[in-house]
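S.K.: Everything below, folded, please.
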Amino acid sequence: MGPILLAFALAALAWLLLAGAALRERHPVWFWYLTGYPVSVLRVLFTWRKVAQFNGLTVTHKPVRQQLGDLEVRGEPVRAIAPRISFPRATPTGLSLVARLHPGQTPGPFIAASDALMHAWRMHGVRVTSPERGIVLITATVRDPLEQPGLASAPAELLCALIGALESGGAWVMDLRQVPHWLITGATQSGKSTLLARLVSQLAPQPVALVGIDCKGGMELGLFGSRLSALATSRREAVAVLGALVVELQARMRTCRQAGARSIWELSHSRRPVPVVVIVDELAELYLADGTRDGKAEAEQCSSYLLRLGQLGAALGVHLVIAGQRVGSDLGSGVTALRAQLGGRICHRVNDPGTAEMTLGDLHKDAVVVAQSITPHERGVAVCTGTEGGWDRARSHLTTAEEARKTASAFAGMTPELPSVNRALKVSAEGEDA
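M.R.: Sure thing, here's the model as predicted:
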């Protein structure tokens, strides 16, 4: 009987291993819930006090210095008390728990200890935030949720675009009604152009006017020309288009004032002008002067017009999406002023720390470090500002230029006319030819 029972036990073990491998391949979330989560909970509970003590996250109720006559004695406390933590709660990508801070503690040391927690708990990553005073939220992910981001659903609302997936597993949505203007940075082959293609393909079926400014001869945005209401391919043309849009803003302001409305969204549907989304590919081409007087004047005009659109466009239905490989103060003071108007930020892998600092540093210092850790193999991965004031790590869905071009062609009939912009563009083109 002994050999027979052993054979049955080995066969059962083999079947369990095969079933576990199949479950992990087809249903990784259920595999995590049934196998990985219980083991990780035990690991967290048994290692928390030791990890907290090694990383300076503990306190003591007794002072670390005492006075013995004229002699002051200093030393480490005999018993360190770690902050109380909640029972780890399972999430589809890992687990989360709350640690309650002792009086005098701040979230800073816990954020600095995130790497130590990651290694101690054998997780892919650990992120520490402080949603309210007195507590820190520790979120651990067992695997990289951005390796194969699934397609999530997005609200079917005007000026909403489903860009990709967040690290939390939710949908990455660019809502231009909520955050009117965006700054997108990224080096070559980082996913910036793919993100713009995705944005165009998402906005093409909507009743909005798309205006492209691509001073590299239209090589990028020219692929979507059939759905663009206007396309500027040089800085001279960009000045004309942006100037015409500023004039359009003034006309919309008069319309709102006559109707007693504070924005175009308070106007009746029949009087409401079409929303305009201005997509600028490579901001540096607009700001870098070529040394000539005309070039310097054009750069100053572009800076002034973009700043004007950023200041007034949100209420008047004109939105900016500014992209560039490098964005820094060396482009001029106008870039810093414009950045203050671009509330939405997306930073892919960049070649210089200054661009990451310029994109995220004024909003989230800790996000700059995360953005700089993006590797060349993580195409499409970016750090973006969240809708609730924080930041997220996300990945855009792969949308090729050919797919976006076909989508733009399919909805070419929905392209709104912008007569004043097209007239200014035509006059600028004729002057350049002359």
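S.K.: Now do the helices in this structure.
M.R.: Under the criterion DSSP state H, helices of the chain are mapped to 2-26, 28-31, 37-54, 108-112, 114-121, 192-203, 235-259, 284-287, 293-316, 333-339, 353-356, 365-372, 401-410, 419-433.
S.K.: now what about the fourth one, what contacts it?
M.R.: Taking contacts as CB atoms under 8 Å, 6 or more residues apart in numbering, the residues outside helix 108-112 that touch it are Asn55, Gly56, Leu57, Ala99, Val128, Val136, Ile138, Asp366. The way it works is simple: take the backbone N, C-alpha and C, and place the C-beta from them, glycine included.
S.K.: care to break this structure down by domain?
M.R.: Split into domains by automatic domain parsing, the chain comes to 24-59+78-141, 160-433.
S.K.: Any chance of TSV for the ones you listed, columns mean pLDDT and mean neighbour count?
M.R.: Converted to TSV, the domains of the chain look like this (pLDDT from 0 to 100; neighbours: other CB atoms under 10 Å):
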stretch	mean pLDDT	mean neighbour count
domain 24-59+78-141	86	16
domain 160-433	89	19
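S.K.: for Arg177, what are its contacts?
M.R.: With contact set as CB under 8 Å, 6+ apart, Arg177 has these partners: Glu157, Leu158, Leu159, Cys160.
S.K.: Tell me the pLDDT of the second one.
M.R.: For Leu158, the model assigns a pLDDT of 91.
S.K.: rewinding a little: which two in the contacts of helix 108-112 are spaced the farthest apart?
M.R.: Gly56 and Asp366 (18.3 Å; CB to CB).
S.K.: Just the CA coordinates for stretch 178-197, please, in PDB.
M.R.: As requested, the backbone C-alpha atoms of stretch 178-197 are provided in PDB (Å, rounded to 0.1, in the frame of the first residue of the first chain):
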ATOM      1  CA  GLN A 178     -11.900  68.700 -15.800                       C
ATOM      2  CA  VAL A 179      -8.200  69.500 -16.600                       C
ATOM      3  CA  PRO A 180      -8.300  71.800 -19.600                       C
ATOM      4  CA  HIS A 181      -4.600  72.000 -20.600                       C
ATOM      5  CA  TRP A 182      -1.800  69.300 -20.600                       C
ATOM      6  CA  LEU A 183       2.000  69.100 -20.900                       C
ATOM      7  CA  ILE A 184       3.400  65.900 -22.300                       C
ATOM      8  CA  THR A 185       7.200  65.200 -22.300                       C
ATOM      9  CA  GLY A 186       9.200  62.300 -23.500                       C
ATOM     10  CA  ALA A 187      12.300  61.300 -25.300                       C
ATOM     11  CA  THR A 188      12.400  59.600 -28.700                       C
ATOM     12  CA  GLN A 189      10.900  56.100 -28.600                       C
ATOM     13  CA  SER A 190       9.400  56.800 -25.100                       C
ATOM     14  CA  GLY A 191       5.700  56.600 -26.200                       C
ATOM     15  CA  LYS A 192       4.900  60.300 -26.600                       C
ATOM     16  CA  SER A 193       4.000  60.100 -30.300                       C
ATOM     17  CA  THR A 194       1.900  56.900 -29.600                       C
ATOM     18  CA  LEU A 195       0.000  58.800 -26.900                       C
ATOM     19  CA  LEU A 196      -0.700  61.700 -29.300                       C
ATOM     20  CA  ALA A 197      -2.000  59.200 -31.900                       C
END
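S.K.: Begin at 211 from now on, thanks
M.R.: That works, and once the first residue is 211, the last one we named lands at stretch 388-407.
S.K.: I'd assumed Glu367 was in contact with Gln416.
M.R.: No: Gln416 lies out of contact with Glu367 (CB atoms under 8 Å); the separation is 9.2 Å.
S.K.: quick one: Gly396 and Ile474, what's the gap?
M.R.: 32 Å (CB to CB, to the nearest Å).
S.K.: thought Leu496 was touching Cys425?
M.R.: Yes: between Leu496 and Cys425 there is a contact at 6.5 Å, judged by CB under 8 Å.
S.K.: Surely Asp424 touches Phe434?
M.R.: No: look at Asp424 against Phe434 with CB under 8 Å: they stay out of range, at 9.9 Å.
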